[in-house]
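**Q** mind folding the following:
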Amino acid sequence: MRAKLFYEARTFVSKIFKYIIELEAILRPKSTLWSIMQDNGQEELDAEHADVIKKTLELLSKALAQITIFQTENKLFSGEFYFRRTDYREYIRQCGSVLSGFLATKKLPNPTVLINGSIIEEHDETDKHLRAYIGWREESFKTVG
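**A** Prediction:
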């Protein structure tokens, strides 16, 4: 019985790790996304950069949704989902918060990513997102320069 559960879970795990690999490539230091987000100018964000951020938010949402589905449908894996010794669901939410904070600084709609992977446009977490972005920005300059 347990072997059957493990076999069925491998499809979910494959999808989750595919999303994680994509996210890790996008979110690594000195990536395109990092250079876009380190821009502190108040001018408008061009369409190409806005598209990169929107696609990243969608990828965060998909990964978070897959992890949530995996944890609810596979009772053997009901605990937190850790990757690199980090609760990855919380890490994804933090990344979404930083991205939303950046969009808020550019006076653009700043959606939030819920714990189940849904993205909502209207919320009351803008101040939290702004604080997350400012904290990330300070840390990124210490890390990358």
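**Q** now do the buried residues in stretch 49-68.
**A** Within stretch 49-68, the residues that qualify as buried are 49, 52-53, 56-57, 59-68, counting by 16 or more other Cβ atoms under 10 Å. Every C-beta, even on glycine, is put in place using the N, C-alpha and C of the backbone.
**Q** average pLDDT across that stretch?
**A** Per-residue pLDDT over stretch 49-68 has a mean of 89.
**Q** let's see it as CSV, backbone CA atoms only.
**A** Extracted in CSV, the C-alpha atoms of stretch 49-68 (Å, rounded to 0.1, in the frame of the first residue of the first chain):
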residue,chain,number,x,y,z
HIS,A,49,10.1,44.1,-17.1
ALA,A,50,6.5,44.1,-15.9
ASP,A,51,6.0,40.9,-17.9
VAL,A,52,9.0,39.3,-16.2
ILE,A,53,7.5,40.1,-12.7
LYS,A,54,4.0,39.0,-13.7
LYS,A,55,5.4,35.6,-15.0
THR,A,56,7.4,35.1,-11.8
LEU,A,57,4.3,35.8,-9.7
GLU,A,58,2.4,33.2,-11.8
LEU,A,59,5.2,30.7,-11.4
LEU,A,60,5.2,31.3,-7.6
SER,A,61,1.5,30.7,-7.5
LYS,A,62,1.7,27.5,-9.5
ALA,A,63,4.5,26.1,-7.3
LEU,A,64,2.6,27.0,-4.1
ALA,A,65,-0.6,25.4,-5.4
GLN,A,66,1.2,22.2,-6.4
ILE,A,67,2.8,21.9,-3.0
THR,A,68,-0.5,22.5,-1.3
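**Q** give me the distance from the host helix or strand of K54 to the chain's centre.
**A** In the assignment (DSSP states H and E), K54 maps to helix 47-73. Relative to its chain's centre, helix 47-73 lies at 6 Å (Cα atoms, centre = their mean, to the nearest Å).
**Q** tell me what it is packed against?
**A** Secondary-structure packing of helix 47-73 (3 or more Cβ pairs under 8 Å, 6 or more residues apart in numbering; DSSP states H and E): helix 2-27, helix 32-37, helix 88-105, strand 112-113, strand 119-120.
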